[in-house]
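Visitor: this is a predicted model, with the sequence first.
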Amino acid sequence: MAEPVRARRLSDNEGQKLQQIVRRGRHESVRVRRALIIMASASGTPVTAIARLVAAHEDTVRDVIHAFNEKGLAALDPRWAGGRPRLIGDDERGFIIATAQTRPVTVGRPFTHWSLRKLADHLARNRVRTVKIGRERLRQILREHGISFQRTRTWKESKDPDKDAKLDRIEHVTSHFPDRCFAFDQFGPLSIRPCHGSGWAPGEETGATAGHLPPHPRYPLLPRLLLHRR
């Protein structure tokens, strides 16, 4: 038959410390309840009676007694974890943002732009790095990093067979040489990257605070060109 669980003999210092905690602390605090358990067990009170005294489960009382016998008064301050560890770390966040801004055809998906459902499905089935995430959490992460779904009008697909290779070279140059200018017209420098279509991209400021001009009725791109000239 196993011996009953009981706290070891208290030293004079430990007894004084436990009495101070019980007298000065609040009865509902964790330290006071644990101090009561240890003092009652050290005085010979059985576990069942201690559980009724502090309104706790018998297994909880046994765990406190075992912890005191192993660590001493350090058992009064349990080191509980701060919740479930994060499933989506910084590396996964960076991978999600990079994937959202990548054209689906580049990674072998047969559509022109991502939706939340398609992006979450691709991340969960990706062989390089699998990230299982729900659509709502995915939307929150994209929003936290300033990535929003943007749609513009009159997108025309290019029939150039080397379009993807050219776009890859353009993206390489624009990402490594942001100050480089490719072309000019009467309004100033122009960007050669396509500006029509839809997809996830970093959001821009809108409204009068961003200095945007109202669109011209016949030339909707005129305000953008004027901003380039500034």
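Guide: Right, received. Where do you want to start?

Visitor: where along the protein do the helices fall?
Guide: Per DSSP state H, the chain carries helices over the ranges 12-24, 30-42, 47-54, 58-71, 90-100, 116-125, 135-144, 163-176, 222-229.

Visitor: show me where this structure dips below the pLDDT cut-off.
Guide: 1-2, 26-28, 80-84, 150-158, 178-200, 203-230 (pLDDT under 70).

Visitor: let's see 50
Guide: 1, 192-193, 206-211, 216, 219, 222-223, 225-230 (pLDDT under 50).

Visitor: that older thread, so which of the helices of the chain is the most packed in?
Guide: Compared across the helices of the chain, helix 30-42 shows the largest average neighbour count, a mean of 21 (mean count of other C-beta atoms under 10 Å). Where you see a C-beta, it was placed from the backbone N, CA and C, and this is true even at glycine.

Visitor: what helices or strands is that helix leaning on?
Guide: Under the contact criterion of 3 or more C-beta pairs under 8 Å, 6 or more residues apart in numbering; DSSP states H and E, helix 30-42 touches helix 12-24, helix 47-54, helix 58-71.

Visitor: among those, which is nearest residue 105?
Guide: helix 58-71 (56.9 Å; C-beta to C-beta).

Visitor: packing partners of the closest one?
Guide: Going by 3+ C-beta pairs under 8 Å, 6+ apart, helix 58-71 lies up against helix 30-42, helix 47-54.

Visitor: let's have those helices in a markdown table, adding distance to residue 134.
Guide: Putting the helices and strands packed on helix 58-71 into a markdown table (distance: least, C-beta to C-beta, whole Å) gives the following:
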| stretch | distance to residue 134 |
| --- | --- |
| helix 30-42 | 34 |
| helix 47-54 | 41 |
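
Visitor: ok, which of these comes nearest residue 115?
Guide: Taking C-beta to C-beta, helix 30-42 is the member of the helices and strands packed on helix 58-71 nearest to residue 115, at 47.6 Å.

Visitor: so the closest one versus helix 58-71, what angle?
Guide: With axes from the mean of the first three to the mean of the last three C-alpha atoms, to 10 degrees applied, the angle from helix 30-42 to helix 58-71 works out at 80 degrees.

Visitor: what angle do helix 30-42 and helix 12-24 make?
Guide: 130 degrees.

Visitor: picking up where we left off before, in TSV, list the helices and strands packed on helix 30-42 along with distance to residue 93.
Guide: Output for the helices and strands packed on helix 30-42, formatted as TSV (distance: least, C-beta to C-beta, whole Å):
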stretch	distance to residue 93
helix 12-24	43
helix 47-54	44
helix 58-71	37
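
Visitor: circling back to that earlier point, nearest to residue 108, of the helices of the chain?
Guide: That would be, of these and by C-beta to C-beta, helix 116-125, which comes in at 9.5 Å.

Visitor: what's the closest one in contact with?
Guide: By C-beta atoms under 8 Å, 6 or more residues apart in numbering, the residues outside helix 116-125 that reach it are 95-96, 99-100, 104, 107, 109, 111, 114, 130-135, 138-139, 200.

Visitor: residues contacting residue 68?
Guide: Counted by C-beta under 8 Å, 6+ apart, residue 68 has contacts 7-8, 34, 38, 75.

Visitor: returning to that earlier point: closest one to residue 89 among the helices and strands packed on helix 30-42?
Guide: Among these, the nearest to residue 89 by C-beta to C-beta is helix 58-71 (31.3 Å).
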